[in-house]
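**Q** Dropping the sequence and predicted coords here.
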Protein chains: 2
Amino acid sequence: MNLILLDSSLELIPKEILSHPAVIVNAKKREKDPRYMILDKSLHYSAMAKLKDKEKRGRPDIVHLSLLNFLYLEDEIKGEVFIHTIDGKIISVRNDTRIPKNYERFVSLMEQLLRYGKVPVDSDKPFMEITSESLGSLKKKYKLAVLSENGEKVSLKKICELGENWLIGVGAFPHGDFSEEVKVNADVFYSITDRVLEAHQVICRLSSACLLFLGFLRI
Amino acid sequence: MNLILLDSSLELIPKEILSHPAVIVNAKKREKDPRYMILDKSLHYSAMAKLKDKEKRGRPDIVHLSLLNFLYLEDEIKGEVFIHTIDGKIISVRNDTRIPKNYERFVSLMEQLLRYGKVPVDSDKPFMEITSESLGSLKKKYKLAVLSENGEKVSLKKICELGENWLIGVGAFPHGDFSEEVKVNADVFYSITDRVLEAHQVICRLSSACLLFLGFLRI
């Protein structure tokens, strides 16, 4: 199962709000340079008031929780892992990454990644790396099935059996619709339930189902 | 499905390390009183060196991740929710609690809970409350099935069908064995897989299976 988190709410603090008092005070308290801090709604809420698409931004916890629910799965069901960010970056994640369980450590790691392009910064085989790909160029290698409550209703089995030339796309943003970039590049939209689910719930249910079909769970 | 997190790695900083420099520096930075801060291995690692059972302590992120994986499930499968802490407290959690997704906000909430006994502090119907129960006294109302890799191998279906007079117990600590208190009070130990799983993985797999049996998932 190849996973891609789509329109992920993960970015450095954008230039237009770097001088906002809420950003400056918080950066000082953390002894960090605000240019290399991750945008986090719980810290920068007031500064985000005028940001475009603000309801989709500043939620690195969604990416964290999604990765925690996928990267600690059995090796046999983990394929490629990518993060597509809300500003169009494609980050590749080694599927044996022991992602930090502590949120603050995760955020620090993401700050290094977005600042230097990879983590560890000096590694030849980094755990995470910003690639030169775009969602469009990834499509030369993979087809893209996007999970969405508005998609075609299908069984979990169908998604588990798509095979290794498919990417399973899960939105990793809090509110709003997929970007035009995602809509244009999606081959299919599939729905696994009638309810609105959070990204980590989608990953939990889908991976449990796939583990079941592979015989890793006694149902 | 009634859930109880067992031996949960959630406590205020213990008295014997309150004067440790690592604790004092960190409390000052956060502008908090160290007596009312949650013990967190990622912040207090050096101070914890001489603590008894230190390998089981200081991991509130395990409780956070477990609750995130349970409390956002469909209402129909959520029964009672309890947290049994490593020092023997029983916390009751309303199953409609919208637990903070942000880790720092969660920790602040737990600090209030452990300081004042409930959150919100001035509420008649708190979302979380330290009860006067013990694991032993809870046993007057419930039987306890503890999930453990060393337990009897059973199907997920069997656990989903235990019924409402059972508590499903999941260990919410990083390493080591269950406490004597848990061992004495367990009616049965069940194993759902041959692999060692983390608490949130157990909850994810079990809840996915129960959703499947209840017809909430198209498998």
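**A** Thanks, I have the structure now. Residues are numbered from 1 along each chain as shown, chains lettered A, B, ... in the order given.
**Q** Which stretches in chain A count as strands?
**A** Per DSSP state E, chain A carries strands over the ranges A:2-8, A:81-85, A:90-93, A:118-119, A:128-130, A:143-153, A:166-171, A:188-191.
**Q** Tabulate these in JSON lines, adding columns for distance to B:Ala199, mean pLDDT and mean neighbour count.
**A** All C-beta spots, glycine's among them, are computed from the backbone N, C-alpha and C. Shown next, in JSON lines, are the strands of chain A (distance: least, Cβ to Cβ, whole Å; pLDDT from 0 to 100; neighbours: other Cβ atoms under 10 Å in any protein chain shown):
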{"stretch": "strand A:2-8", "distance to B:Ala199": "22", "mean pLDDT": "98", "mean neighbour count": "25"}
{"stretch": "strand A:81-85", "distance to B:Ala199": "22", "mean pLDDT": "98", "mean neighbour count": "23"}
{"stretch": "strand A:90-93", "distance to B:Ala199": "23", "mean pLDDT": "98", "mean neighbour count": "21"}
{"stretch": "strand A:118-119", "distance to B:Ala199": "26", "mean pLDDT": "97", "mean neighbour count": "20"}
{"stretch": "strand A:128-130", "distance to B:Ala199": "25", "mean pLDDT": "98", "mean neighbour count": "19"}
{"stretch": "strand A:143-153", "distance to B:Ala199": "25", "mean pLDDT": "96", "mean neighbour count": "17"}
{"stretch": "strand A:166-171", "distance to B:Ala199": "22", "mean pLDDT": "98", "mean neighbour count": "25"}
{"stretch": "strand A:188-191", "distance to B:Ala199": "29", "mean pLDDT": "97", "mean neighbour count": "18"}
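**Q** could those strands go into CSV alongside distance to chain B?
**A** Listed next are the strands of chain A as CSV, based on distance: least, Cβ to the nearest Cβ, whole Å:
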stretch, distance to chain B
strand A:2-8, 15
strand A:81-85, 17
strand A:90-93, 18
strand A:118-119, 17
strand A:128-130, 20
strand A:143-153, 7
strand A:166-171, 15
strand A:188-191, 9
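**Q** can you list the ones you listed in CSV and add distance to A:Glu111?
**A** As requested, the strands of chain A are exported to CSV (distance: least, Cβ to Cβ, whole Å):
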stretch, distance to A:Glu111
strand A:2-8, 15
strand A:81-85, 14
strand A:90-93, 13
strand A:118-119, 9
strand A:128-130, 12
strand A:143-153, 28
strand A:166-171, 23
strand A:188-191, 33
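**Q** wait, which of those is closest to A:Ser207?
**A** strand A:2-8 (9.0 Å; Cβ to Cβ).
**Q** A:Ala186 is in contact with A:Leu144, correct?
**A** Yes - A:Leu144 lies in contact with A:Ala186 (Cβ atoms under 8 Å); the separation is 5.2 Å.
**Q** Chain B contacts on chain A?
**A** Applying Cβ under 8 Å from any Cβ of the partner chain, we find that chain A lies next to chain B at A:29, A:40, A:42, A:61-62, A:65, A:68-69, A:72-74, A:101-105, A:153-157, A:192-193, A:195, A:198, A:200-201, A:204-205, A:207-209, A:211-212, A:216-219.
**Q** Just the buried residues of these.
**A** Buried members of the residues of chain A next to chain B, scored by 16 or more other Cβ atoms under 10 Å in any protein chain shown, are A:40, A:61-62, A:65, A:68-69, A:72-74, A:101-104, A:154, A:156, A:192-193, A:198, A:200-201, A:204-205, A:207-209, A:211-212, A:216-219.
**Q** got the angle for the least confident helix or strand in chain A by mean pLDDT vs helix B:21-29?
**A** When the helices and strands of chain A are scored by mean pLDDT, DSSP states H and E, helix A:21-30 comes last with a mean of 91. Orientation of helix A:21-30 against helix B:21-29 (axes from the mean of the first three to the mean of the last three Cα atoms, to 10 degrees) gives an angle of 160 degrees.
**Q** now A:Ser9: how far from B:Lys143?
**A** Using Cβ to Cβ, to the nearest Å, A:Ser9 is found at 43 Å from B:Lys143.
**Q** coming back round to it: could you pull out the buried residues of the least confident helix or strand of chain A?
**A** A:Val23, A:Asn26, A:Ala27.
**Q** Need the residues touching each of A:Leu144 and A:Ala186.
**A** Common contacts of A:Leu144 and A:Ala186 (Cβ atoms under 8 Å, 6 or more residues apart in numbering or on different chains): A:Gly169.
**Q** so where's chain A uncertain?
**A** For chain A, no stretch has pLDDT under 70.
**Q** Where do the helices of it begin and end?
**A** Using DSSP state H, the helices of chain A run over A:21-30, A:41-44, A:60-71, A:103-116, A:135-138, A:156-160, A:180-185, A:199-213.
**Q** Give me the distance between the last one and the centre of its chain.
**A** Read that as helix A:199-213. Centre-to-centre, helix A:199-213 and its host chain are 16 Å apart (Cα atoms, centre = their mean, to the nearest Å).
**Q** Right, I'll call it a day here.
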